[in-house]
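J.: give me a model of this one.
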Amino acid sequence: MTETSLRHDHEAGEAVESADSSAGAAPLRVLMVAPSLDMLGGQAVQAARLLERWREDPALDVSLLPINPRLPGPLRKLQTIKYIRTVLTSLYYCATLLTRVRRYDVIHIFSASVQTCDMHSITVALLK
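T.: Numbering: from 1, shown residues only. Modelled structure (predicted):
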């Protein structure tokens, strides 16, 4: 029995069922951009659950880029200071996004609203 999967036939513009060819293929690299569990909420929990399940799939190589990263080493103490925390965390997030986004085939972005979705999507599209 062969495994089948759905793939999108770009020429026909429709989804078609095909034999699974992922046995020898490199895994699909997916970058999930979402809040980490440091910012406990519905999206963080949903992202953690999805990340856990996707990591069980050998056809996927999944990584998380938190929108609320912890600063490295001694800079972490600065995240306790209002306003400085926002500036430094945003700069660190953008720098990390810049260096990592090109390594992935798919960028999966969690967003709470249309505006933040547009902001993240446009940023990633420009970097890709």
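
J.: give me the mean pLDDT for the strand or helix carrying Leu91.
T.: Element membership of Leu91, judged by DSSP states H and E, is helix 84-100. For helix 84-100, the mean per-residue pLDDT is 91.

J.: and for stretch 52-72?
T.: For stretch 52-72, mean pLDDT rounds to 94.

J.: now the helix holding Leu91, how far from the centre of its chain.
T.: Offset of helix 84-100 from its chain centre (C-alpha atoms, centre = their mean, to the nearest Å): 15 Å.

J.: and that helix, what other elements does it pack with?
T.: When contacts are defined as 3 or more C-beta pairs under 8 Å, 6 or more residues apart in numbering; DSSP states H and E, helix 84-100 packs onto strand 60-66, helix 114-127. For every residue, glycine as well, the C-beta is placed using N, CA and C.

J.: which of the three states applies to the spatially most central residue of the chain?
T.: Geometric centre of the chain, nearest residue: Met32, 1.3 Å, by C-alpha atoms, centre = their mean. Secondary structure, DSSP: H, G, I helix; E, B strand; the rest coil: Met32 is strand.

J.: ok, it touching Asp61?
T.: No: if you go by C-beta atoms under 8 Å, Met32 and Asp61 don't touch, sitting 11.5 Å apart.

J.: run through the residues that contact Ile67.
T.: Residues near Ile67 by C-beta atoms under 8 Å, 6 or more residues apart in numbering: 33-36, 39, 93, 110, 120.

J.: distance to Arg53 for these - can I get that in a markdown table?
T.: Formatted as a markdown table, the contacts of Ile67 follow (distance: C-beta to C-beta, whole Å):
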| residue | distance to Arg53 |
| --- | --- |
| Val33 | 17 |
| Ala34 | 14 |
| Pro35 | 18 |
| Ser36 | 17 |
| Met39 | 21 |
| Tyr93 | 25 |
| Phe110 | 15 |
| His120 | 22 |
